[in-house]
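# Provide a 3D model corresponding to the input given below.
(chains A and B)
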Amino acid sequence: MSRDHILHRVRTAIGRSAGQPAAEVPPVRLHIPVVDLEARISSMLARVEALAGKACRSADPRAYVAEAIAGKTAVASNSPYLAECGITSLPGVRSGVTDRAELRALCATSDVGISSADYALADTGTLVMISSPQEARMISLLPPAHIAVVPRERILTGLDELFSILPDPAAQTSSMVLITGPSRTADIEQILVRGVHGPGQITVVVV
Amino acid sequence: MSAEFDQKIHNTLADANLQLAIYTATARLKEKRIENVAASVLPDYQELRTQANAIKQHAVENLDHYLEEFERNVQAHGGRVVYCKDGTEVSDFVLGLARERGAHLIVKSKSMTTEEIDLNERLEHHGLESVETDLGEYILQLAHERPYHIVAPALHKTRYDVAQIFTEHLKVPNETVIEKQTAIARGVLREKFLAADIGISGANFLVADSGAVVIVENEGNARLTTSAPRVHIAVAGIEKVIPRAQDLVTFLKLLARSATGQALSVYTSFLSGPRREGEIDGPDEFHVVLLDNGRTKLLPDRSKRQSLYCIRCGACLNTCPVYRKIGGHSFPWVYSGPIGAIITPQFMGTGHEPGLPFASSLCGACGEVCPVKIDIPKVLLELRSDVKKTETREKQNRLEKLAFRAFAWLMTHPRLYEMAGRMAAAIAPSDGGGWIRSVPPPLNIGPVRAWLSQRNLPPPPAKSFRQMWRQR
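Sure thing, here's the model as predicted:
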């Protein structure tokens, strides 16, 4: 196999020997600003709106989601938080699916995918989705619209804080996805089109 | 310069529509970058560049260490790492896996690395269907063309071109509204995603301490490629490895801003291994192909190896006055612009297109915008020197050498230089511009005239700088 051949070529070229420890690595650069919760929430909402998403604060997420999905079909994740908010029991919402094929078929035909988010990043308007038995990947991906219901204390300042809380996301999941706005492309004549493969509409409900 | 290179450049320059398309697209990307790295938006931009450069330098200088660490961690999460020295090994691996799994349909997300090795063609040659899913790449696959730009692959195609390509290949009615064209592609590709057996992606970063592949995109096609099929294969150059997940903070802040002027791209996927126990979806198999394909050839030279720091943002293309005139397809390989001009000769050999390192004005704009601070102009100069060294003695132009020797002598003798300046001023016509075009015979012949036909000098001033300095 080419493994040993390539590693040998690399070592010869850079003057190292097998098993030699690495030189000292430059220190990690993380700067976490101090931003109070209110400012984080308003930044999150403003950034999502600037990305052409919808964002709102709601003390009653169940009512908000009910209105948003009225007359549509929706699939909700198994996040205990959505159940707690009473969203999984809304009419028209399917939830509790644990079979891959079934979930995929459901997501491919639903109008709206509803999830929570593990974190949100205030300075970029980003949702952080960690794949788990509670949160499947397809819910925020296949339906044309995605609604994320996020408890406000999960809003972090930004990437620096996220990676200081999760220095190694691989320790807990096979997939962590940062979602910053609706799916988009500008591949034809630089004209922005939303919803090319992922959801074209994104709604963030901060509770 | 080869006749082919010369011809392609002339064709591009003569195509007014293409000139406008290149100019508009690069100008837009360039402006968006400038807005989003401005001190008011990203005050620590320069510090981030310095950090990114230091991390890349460290990773390359300890490359074997981080490749092995990456490999161990991928395996620890149930994935597999395969080293391949070239495109043949990659396609053999994919074909073997496809045969074992009974796979026929492959979906692909955008990857310059797989463009390098013509992976689609290789797979299709063996009867597999391999479909590009990034909108721009999909259009180009249908049109059988290679990317025009690292981040905007189809920037040379208008909506009318796309309409024609879609009606011809997809048998759909003529559609020139871009939103509707996008919806057509979404529909066709959605079917492919749901039916595909294997997804092949590239990688923006390989994280050694996590064993993770990081993919940055805007459309969602990379998420679908890596999550919908049962098998995910990521193909990445060996230089993509970085030490720690926390280093991503630095790179992610720079990448999208430099590429498209976004604070972050829409989707950043951090993928480590197949789906875990209890996870509802995600692939059952996770393979990472680590590709050499010439990269190890760049390592011995301490200066030129910085070419491997590139994170493929495309900022150097958008700012390059040469790329903006000659476009992407004039370049002799898949990588275009300043970064293409330094990596192509090193991957393919300087003989592949000896004129390439010379197709630059050395204005330095590329080095200024590079988020990982690759000194592109310096590497270009080193490559020019390599090209000259490999030319045989007969090929070296004696007259040119003599002229440069005379010039060097003149430049190192200030008195003489001043005198020559005065003489030139004295013989120059007093009516201003165009004077150098009208050199008298016998100098006004063949190559001299050809050279002069494209160049001009302003008339010499009445007083030289030296004179003014003395009289100040």
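# residue in chain A nearest to chain B?
A:Gly198 (2.7 Å; C-beta to the nearest C-beta). Just so you know, the C-beta spots here come from the backbone N, C-alpha and C atoms, and that holds for glycine as well.
# So that residue sits against B:Val266, correct?
Yes. Here A:Gly198 lies in contact with B:Val266, judged by C-beta atoms under 8 Å, at a distance of 7.4 Å.
# Need the overlap of contacts for the two.
Any residue near both A:Gly198 and B:Val266 by C-beta atoms under 8 Å, 6 or more residues apart in numbering or on different chains counts here, and that gives A:Pro182, A:Ser183, B:Glu219, B:Gly220.
# Turn those residues into TSV, including neighbour count and distance to B:Ile106.
Formatted as TSV, the shared contacts of A:Gly198 and B:Val266 follow (neighbours: other C-beta atoms under 10 Å in any protein chain shown; distance: C-beta to C-beta, whole Å):
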residue	neighbour count	distance to B:Ile106
A:Pro182	25	27
A:Ser183	27	22
B:Glu219	29	18
B:Gly220	29	18
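# Go through the residues you listed and say which is closest to B:Ala54.
For the shared contacts of A:Gly198 and B:Val266, the residue nearest B:Ala54 by C-beta to C-beta is B:Glu219; the value is 32.1 Å.
# May I have the secondary structure class of the closest one?
The three-state assignment at B:Glu219 reads coil, by DSSP: H, G, I helix; E, B strand; the rest coil.
# do the same with B:Phe407
Classification of B:Phe407 by three-state DSSP places it in helix.
# State the number of residues packed around it.
10 (other C-beta atoms under 10 Å in any protein chain shown).
# So it versus chain A, what's the distance?
Distance, B:Phe407 to chain A, using C-beta to the nearest C-beta, to the nearest Å: 37 Å.
# for chain A, what spans make up the helices?
Remark: helices assigned in chain A by DSSP state H are A:2-14, A:37-50, A:61-68, A:80-84, A:100-109, A:159-165.
# Could you tell me which residues make contact with A:Gln172?
By C-beta under 8 Å, 6+ apart, the contact set of A:Gln172 is A:Ile130, A:Ser132, A:Leu166.
# next one: B:Val82
The neighbours of B:Val82, taking C-beta under 8 Å, 6+ apart as the test, are A:Arg3, B:Phe93, B:His287, B:Val288, B:Val289, B:Leu290.
# Roughly how far does the first one sit from B:Cys84?
So the one you mean is A:Arg3. Counting by C-beta to C-beta, to the nearest Å, the separation of A:Arg3 from B:Cys84 is 9 Å.
# what's the answer for the fourth one, then?
Here B:Val288 is placed at a distance of 11 Å from B:Cys84 (C-beta to C-beta).
# Turn the helices of chain A into JSON lines, columns for distance to B:Phe347 and mean pLDDT.
What follows is these, written out as JSON lines (distance: least, C-beta to C-beta, whole Å; pLDDT from 0 to 100):
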{"stretch": "helix A:2-14", "distance to B:Phe347": "14", "mean pLDDT": "97"}
{"stretch": "helix A:37-50", "distance to B:Phe347": "40", "mean pLDDT": "98"}
{"stretch": "helix A:61-68", "distance to B:Phe347": "51", "mean pLDDT": "97"}
{"stretch": "helix A:80-84", "distance to B:Phe347": "50", "mean pLDDT": "97"}
{"stretch": "helix A:100-109", "distance to B:Phe347": "40", "mean pLDDT": "96"}
{"stretch": "helix A:159-165", "distance to B:Phe347": "32", "mean pLDDT": "98"}
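# Which of those helices has the highest mean neighbour count?
Of these, the one with the most neighbours on average (mean count of other C-beta atoms under 10 Å in any protein chain shown) is helix A:159-165, at a mean of 20.
# what's the offset of that helix from the middle of its chain?
Put simply, helix A:159-165 sits 14 Å off its chain's centre (C-alpha atoms, centre = their mean, to the nearest Å).
# what about whichever residue of the stretch 301-450 of chain B sits closest to chain A, how many neighbours?
Here the stretch 301-450 of chain B gets closest to chain A at one residue, B:Arg305, 8.1 Å apart by C-beta to the nearest C-beta. Burial of B:Arg305 is recorded as 22 neighbouring residues (other C-beta under 10 Å).
# ok, now how distant is it from A:Ser115?
44 Å.
# got it, and B:Arg257?
Counting by C-beta to C-beta, the gap from B:Arg257 to A:Ser115 is 27 Å.
# With A:Leu106 instead?
Relative to A:Ser115, A:Leu106 is positioned 14 Å away (C-beta to C-beta).
# so where's chain B uncertain?
B:392-396, B:429-443, B:453-454, B:456-457 (pLDDT under 70).
# If anything else comes up later, I'll come back, but that's it for now.
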